[in-house]
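A.B. asks: For reference, the sequence and a predicted model appear below.
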Amino acid sequence: MGKIEIIISFIGILSFIGAVPQLWGSNWKKIYLYHLKGIISWETVHKSILKIAHNKEIENFQPSLIFGVGRGGIICSGLFCSELISEELIVKSKKEGKNIHSPKIKLETINSTIYLKDSNIKQIKGKSKFLTSSIDKIELSNIDFDIEGIENILVIVAQNFTGSTLEKATNMLLKKGVRRECIKTVAIFWHKHENINIVHVPDFVGNTTSINKTMPWKIKDITTDRY
């Protein structure tokens, strides 16, 4: 085999290797960022939001108010609202000769305050590996928005670990007089691990992934990810 044939064969092998991830709709860069750097792509975030937003149960639920909990929840609630396509959730109007479509849904936020542990807290030993968390507790701000007359409410977090944030937000709404059947909880990503005690199971989940993944708007080294 001559040099030219060897070079052509080598290029063909490289091309094949480079094209392999396309079988799963991915590429090597995405695989590197996800599996080695632990970063979830914006594309994956969008697909997870679409999966929930186009769920028939969500459309039948017809939320009139969405609460985004924490910074990630605020980002995802806006993206989520833009994807709701049910005719019942859209206000149609005409202005200056142009058709305008606007969501009927109101967006509100529940801010979270994160308290960090002391630096001398020891690692917590799990069944199969060590888990560490710099988070001591998370407090949610009071709901000062008038929810009287609001029927169905969605509570959204970007990342779900134990479910405690969704549970706290749900209890806050219950104390405001909202009926339990009028509240649905959403986690765009549910980070599961066998050593995590679950206190709240979200009604809707966009994607399930391992615990060591972080969102694209965060910096991995200073992330507030926690279990």
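C.D. replies: Received it, and whenever you're ready, just let me know what you need.

A.B. asks: host element of Thr208?
C.D. replies: Using DSSP states H and E, Thr208 sits within strand 204-210.

A.B. asks: If you count neighbours, what's buried in that strand?
C.D. replies: Residues of strand 204-210 classed as buried: 204-207, 209 (neighbour count, 16 or more other CB atoms under 10 Å). C-beta here means a position set from N, CA and C on the backbone, and glycine is covered the same way.

A.B. asks: where exactly do the helices run in the protein?
C.D. replies: For the chain, helices defined by DSSP state H occupy the ranges 3-19, 28-31, 42-53, 56-61, 70-83, 164-175.

A.B. asks: Okay, now the sheet partners of the strand holding Thr208, with direction.
C.D. replies: Paired with strand 204-210 in the same sheet, following DSSP bridges, are strand 183-192 (parallel).

A.B. asks: what's the angle from the partner strand to helix 70-83?
C.D. replies: For strand 183-192 against helix 70-83, the angle by axes from the mean of the first three to the mean of the last three CA atoms, to 10 degrees is 120 degrees.

A.B. asks: what mean pLDDT would you report for strand 183-192?
C.D. replies: Across strand 183-192, pLDDT averages out at 92.

A.B. asks: in that strand, what counts as buried?
C.D. replies: Buried residues in strand 183-192, counting neighbours by 16+ other CB under 10 Å, are found at 183-191.

A.B. asks: what does stretch 137-156 give?
C.D. replies: 138, 140, 143, 147, 150, 152-156.

A.B. asks: List of residues touching it?
C.D. replies: Stretch 137-156 has contacts (CB atoms under 8 Å, 6 or more residues apart in numbering) with 58, 61-69, 73, 76-77, 80, 106, 108, 110-115, 164-166, 168-170, 172-173, 176-178, 182-188.

A.B. asks: And these, which of them are buried?
C.D. replies: Among the contacts of stretch 137-156, those buried by neighbour count (16+ other CB under 10 Å) are 58, 61, 63-69, 73, 76-77, 80, 108, 110, 112, 164-166, 168-170, 172-173, 178, 182-188.

A.B. asks: related to what we said a few turns ago, would JSON lines of the buried residues of stretch 137-156 with distance to Leu84 be doable?
C.D. replies: Listed next are the buried residues of stretch 137-156 as JSON lines, based on distance: CB to CB, whole Å:
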{"residue": "Ile138", "distance to Leu84": "28"}
{"residue": "Leu140", "distance to Leu84": "24"}
{"residue": "Ile143", "distance to Leu84": "22"}
{"residue": "Ile147", "distance to Leu84": "19"}
{"residue": "Ile150", "distance to Leu84": "16"}
{"residue": "Asn152", "distance to Leu84": "12"}
{"residue": "Ile153", "distance to Leu84": "14"}
{"residue": "Leu154", "distance to Leu84": "10"}
{"residue": "Val155", "distance to Leu84": "15"}
{"residue": "Ile156", "distance to Leu84": "12"}
